[in-house]
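Undergrad: Need coordinates for the following:
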Amino acid sequence: MKFSTKTRYGIRAILEIAMNEKTKGILQKDIAENQEISYKYLDHIINSLKVAGLVARVAGRKSGYVLTRNPKEITIYDVHKAFEPGICIVDCLADNALCDRKGYCALNEFWEKLNNRIIEYFKSTTIRDLMDEQLKLDNLQGTPHAFGDTEKMSVEGKRNSLNSFNL
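TA: Coordinates of the predicted model:
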């Protein structure tokens with residue numbers, strides 16, 4: 001199973017927005033540069049995140065993007081669903097699947113349980129969790145970082161980029 005590039009880049013983009021949240025947000029060009037994502041491709045990703053209600057553009061000149069909710073309230077599953085209808089690791093689990101072996105195939109239950117564990121993991125992991133993990137990695141590398149006044153952290157300084165966070 002492989003997750004789409006849009007999902008992976010969407011998680012990186014929303015994490016970049018969360019890590020750099022300020023009153024005026026972070027500019028799309030800065031997200032693209034920091035995450036090494038083409039500006040044009042990022043435009044599609046940001047649009048999907050906006051449609052899903054996860055990010056919004058701050059009004060005013062030279063303003064960027066901010067999260068619409070607290071990072072503790074946005075799950076990886078929320079971000080994934082901005083790009084894909086759900087998670088389905090094998091075709092026989094799809095809603096429209098016609099599997100002749102359903103009901104007597106032991107693998108069906110195995111795949112369904114694995115699929116459900118992945119979904120639960122995505123639902124239980126928040127953007128805040130990834131921010132905390134990124135902070136740990138930054139501290140190990142000596143990278144400066146900080147968060148806006150909305151989130152109190154034990155470490156101060158401004159987070160310049162998330163290049164070390166490669167999903």
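
Undergrad: what ranges do the helices span in this structure?
TA: Counting by DSSP state H, the chain has helices at residues 5-19, 28-35, 39-51, 76-81, 106-124, 127-141.

Undergrad: wait, which of those helices is closest to Gly64?
TA: helix 28-35 (6.7 Å; C-beta to C-beta). C-beta here means a position set from N, CA and C on the backbone, and glycine is covered the same way.

Undergrad: Okay, buried residues for that closest one please.
TA: Residues of helix 28-35 classed as buried: 28, 30-32, 34-35 (neighbour count, 16 or more other C-beta atoms under 10 Å).

Undergrad: hmm, what's the outermost residue in the chain?
TA: Tyr104 (37.2 Å; C-alpha atoms, centre = their mean).

Undergrad: rewinding a little: could you point out which of the buried residues of helix 28-35 is nearest to Gly60?
TA: Closest approach between those and Gly60, by C-beta to C-beta: Gln28, at 14.8 Å.

Undergrad: can you pull the contacts of the residue farthest from the centre of the chain?
TA: For Tyr104, the contact set (C-beta atoms under 8 Å, 6 or more residues apart in numbering) is empty.

Undergrad: quick one on the thing from earlier: nearest to Trp111 among the buried residues of helix 28-35?
TA: Gln35 (32.8 Å).

Undergrad: Tell me, what's the model's pLDDT at the closest one?
TA: pLDDT for Gln35: 94.

Undergrad: Identify the residue nearest it in space, chain neighbours excluded?
TA: Sequence neighbours aside, Arg12 is the residue nearest to Gln35 in space, at 4.9 Å (criterion: C-beta to C-beta, 6 or more residues apart in numbering).

Undergrad: so how far is Ala18 from that neighbour?
TA: Using C-beta to C-beta, to the nearest Å, Arg12 is found at 11 Å from Ala18.

Undergrad: on that earlier part again, I'd say the residue nearest to Gln35 and Asn34 touch.
TA: No: using C-beta atoms under 8 Å as the test, Arg12 is too far from Asn34 to be in contact (9.1 Å).

Undergrad: closest to Cys92 out of the helices of the chain?
TA: Proximity to Cys92 (C-beta to C-beta) singles out helix 106-124 among the helices of the chain, at 6.2 Å.

Undergrad: among the helices of the chain, which is the most enclosed?
TA: Compared across the helices of the chain, helix 5-19 shows the largest average neighbour count, a mean of 23 (mean count of other C-beta atoms under 10 Å).

Undergrad: for it, packing partners?
TA: On a contact count with 3 or more C-beta pairs under 8 Å, 6 or more residues apart in numbering; DSSP states H and E, helix 5-19 meets helix 28-35, helix 39-51, strand 65-67, helix 76-81, helix 127-141.
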